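> what follows is a predicted protein model with its sequence.
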Amino acid sequence: MARSLSRTLWLITGGLILCIVVVLLYEFNITEHTDMSMFERTESEGDARQRILDMLSVNDVDEDELIASLKEQHEKQECDCGDEFVYGPLKEDEKKMRDIEMEALEENERPSVEPIVTCHAMSPLSYVGGGIQVEPLQSVDLIGLSVDTLFWESLLKFTKFKIDLAATKSHGVLHVTIPENMDTKIKVSGNSSPRLTISVNFGANIESLNELLGNISYQSMHYDIQLRDVVTVRLLDFEIRVHVHIRREPYPRLYNVAPSDHISQKVTILTKTFERYDAVRELIRSVRKFYPNVTIIIADDSEKPQKLSGDFMKHYLMPFAAGWFAGRNLLVSQVKTKYFLWVDDDFTFSKNTKLERFIEKLEVQSLQLDLIAGRYEDKNGKRLDRNYDRIIHRKWSRDGYCMVRDKGNHGAVEGFPQCNITDEVTNFFMAKTLSVRDIGFDPSDAFARVGHYEFFWDGLGKLRIASCDDVTVRHFFSHDYGEKYEQYRHAENDDVHYYKRLMHSIYKNNLKCLAGMDRNILQDYSKF
């Protein structure tokens with residue numbers, strides 16, 4: 001028993017001695033590497049660099065190589081539109097001409113393209129890689145730039161080093177405001193130039209260094225409404241990039257209208273008519289029954305115009321057969337209200353045409369909707385099952401986009417289960433005036449008599465679109481509007497017009513092919 005206790009005491013004592021030795025060795029090792037004044041030892045910049053790289057065991061990311069690799073992958077992508085009722089591609093001479101135009105467009109847009117920002121897994125610097133924006137010829141602080149405390153205490157405080165900053169695109173200069181009580185072991189050169197260097201000697205103070213880094217700003221030196229510069233910050237073998245967006249912020253365009261204002265102050269009703277005066281007069285009568293004070297604007301390119309007049313109404317005459325989309329452009333240009341309602345001239349309002357429901361959703365800020373469509377109903381007020389909602393599936397290839405249209409939607413609108421997000425809708429919709437003006441309607445001859453989904457293709461990625469079941473309008477789908485109307489609306493060469501209309505969009509929207517159209521031509525395209 002006593003022998004066992006004695007052995008245990010010896011083991012405990014030996015363990016304690018061993019622990020003390022380990023601690024002393026550890027303290028000696030730390031002191032040897034950290035107490036510069038005691039051993040009069042300094043570490044070169046190269047040694048510090050190697051220690052950092054060895055500790056992290058990571059390779060620096062070359063952003064230029066990464067961008068080049070992504071571009072190469074992008075150019076190698078291929079796509080197709082299936083093998084049934086596919087329109088496109090362009091003829092070879094047309095494709096070559098479009099390629100030249102696309103290259104010019106991409107070159108023009110390149111300075112404003114959102115950059116790729118890489119973030120290091122571990123870095124001796126804290127920084128904000130993007131989101132810094134400045135007006136042309138003005139300055140902005142390079143916020144968030146500082147040396148990490150852990151790296152400083154472990155490594156950087158024991159060596160001399162430099163922090164080199166450079167505005168690589170030379171769109172601006174770097175300036176640092178030097179504090180009056182700045183540490184004398186920290187020096188600055190190249191102030192107010194595209195290249196700025198901060199030299200740090202042994203024993204410098206990290207608080208003073210980070211205060212200096214926090215005082216660095218970027219000053220734009222060249223006027224342009226849209227540019228991007230890259231500020232590189234290099235410390236030892238580490239390089240980070242801070243992206244600066246130089247942008248002339250446009251003024252907001254606001255409407256002096258309150259939520260409580262009458263609907264006539266918020267919305268204007270638009271329609272384009274051609275040789276259908278009986279229909280448009282019926283539309284006007286139905287609107288006045290429910291909305292007597294809302295302004296109606298009509299664009300008319302009929303051959304022999306008839307007078308359309310009344311309170312709160314404007315009738316614009318256009319040259320004969322000037323065009324469907326041309327008329328839409330004229331109408332939208334004359335809207336003075338925040339919203340407009342588009343209706344075809346053969347629609348009629350009913351008790352279910354509740355425009356207030358459109359406005360309610362457009363004014364929900366969190367939804368940020370630009371355009372909301374309704375549904376059609378029959379003469380008895382029953383909503384028709386016919387649905388015009390379409391979504392666009394799109395992939396990229398070096399020859400352009402492969403675009404396939406499909407029936408459906410992208411899901412319900414939050415808070416409004418009767419509404420769905422989609423890409424294309426019917427010709428009965430309410431929209432934000434400014435949003436649609438920014439897109440416009442292509443007045444090409446291709447859309448002189450017929451045009452619809454092409455507007456939504458031009459607005460893809462720019463307009464947030466929804467379709468709702470709780471607002472309807474009557475549409476009887478009648479086609480008996482006289483010989484003149486039929487001559488232009490349903491001409492003998494309709495297939496030719498339809499094909500040329502689609503090929504116009506294939507060229508304009510940089511499409512390789514197009515499928516999923518509502519109508520398919522089974523003829524030899526070569527004759528077109």
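Okay, I see it. These numbers come from a predicted model, not from an experiment. Residues are numbered from 1 along each chain as shown.
> which outside residues touch stretch 95-103?
Stretch 95-103 is contacted by residues 89-90, 399-400, 507, 510 when judged by C-beta atoms under 8 Å, 6 or more residues apart in numbering. For every residue, glycine as well, the C-beta is placed using N, CA and C.
> ah, wrong one, I meant stretch 160-168
Against stretch 160-168 from outside (C-beta under 8 Å, 6+ apart): 42, 45, 48, 173-174, 194-202, 213, 216, 218, 229-236, 244.
> who are the contact partners of Leu137?
220-223.
> let's see which of the residues you listed end up in strands.
Ser220 (DSSP state E).
> ChimeraX command for the buried members of the contacts of Leu137?
Burial among the contacts of Leu137 is assessed by 16 or more other C-beta atoms under 10 Å; the matching ChimeraX selection reads:
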select :220
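> would you turn the contacts of Leu137 into CSV with distance to Arg281 and pLDDT?
Listed next are the contacts of Leu137 as CSV, based on distance: C-beta to C-beta, whole Å; pLDDT from 0 to 100:
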residue, distance to Arg281, pLDDT
Ser220, 58, 98
Met221, 62, 97
His222, 58, 94
Tyr223, 54, 96
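> of the contacts of stretch 95-103 - the most surrounded one?
Gly400 (22 neighbours; other C-beta atoms under 10 Å).
> confidence score at that residue?
pLDDT for Gly400: 94.
> bridged to it, which residues?
Ser397 (DSSP bridges).
> out of the contacts of stretch 95-103, who's nearest Ile186?
Nearest to Ile186 among the contacts of stretch 95-103, counting by C-beta to C-beta, is Asn510 at 53.1 Å.
> excluding chain neighbours, give the residue nearest to that closest one in space.
Gly400 (4.6 Å; C-beta to C-beta, 6 or more residues apart in numbering).
> I'd assumed Lys508 was in contact with that neighbour.
No. Contact criterion C-beta atoms under 8 Å: Gly400 and Lys508 do not qualify, at 10.9 Å.
> ok so, going back, possible to save the contacts of stretch 95-103 as a markdown table with distance to Gly461?
Listed next are the contacts of stretch 95-103 as a markdown table, based on distance: C-beta to C-beta, whole Å:
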| residue | distance to Gly461 |
| --- | --- |
| Pro89 | 22 |
| Leu90 | 22 |
| Asp399 | 20 |
| Gly400 | 16 |
| Tyr507 | 19 |
| Asn510 | 13 |
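> of these, closest to Asp278?
Checking those one by one against Asp278 (C-beta to C-beta), the nearest turns out to be Tyr507, at 38.0 Å.
> which secondary structure element contains the closest one?
helix 494-508 (DSSP states H and E).
> grab the most central residue of this protein for me.
Gly461 (7.1 Å; C-alpha atoms, centre = their mean).
> how close does that residue sit to Asp423?
Distance of Gly461 to Asp423, given as C-beta to C-beta, to the nearest Å: 10 Å.
> cool, and Lys500?
23 Å.
> next: Trp342.
For Trp342, the distance to Asp423 (C-beta to C-beta) stands at 17 Å.
> likewise Lys169?
On the measure of C-beta to C-beta, Lys169 and Asp423 end up 37 Å apart.
> who's more crowded, those two?
Asp423 (24 against 16).
> please list all residues in contact with that one.
Asp423 neighbours (C-beta under 8 Å, 6+ apart): 390-392, 410, 456, 460, 465.
> by neighbours, which of these wins?
Among these, Ile465 has more neighbours than the rest - 23 neighbours, counting by other C-beta under 10 Å.
> so what sits opposite that one in the bridge?
With DSSP bridges as the criterion, Ile465 is bridged to Leu371, Thr422.
> what pLDDT does it get?
98.
> pretty sure it sits against Val425.
Yes. Here Ile465 reaches Val425: they are 6.1 Å apart, a contact under C-beta under 8 Å.
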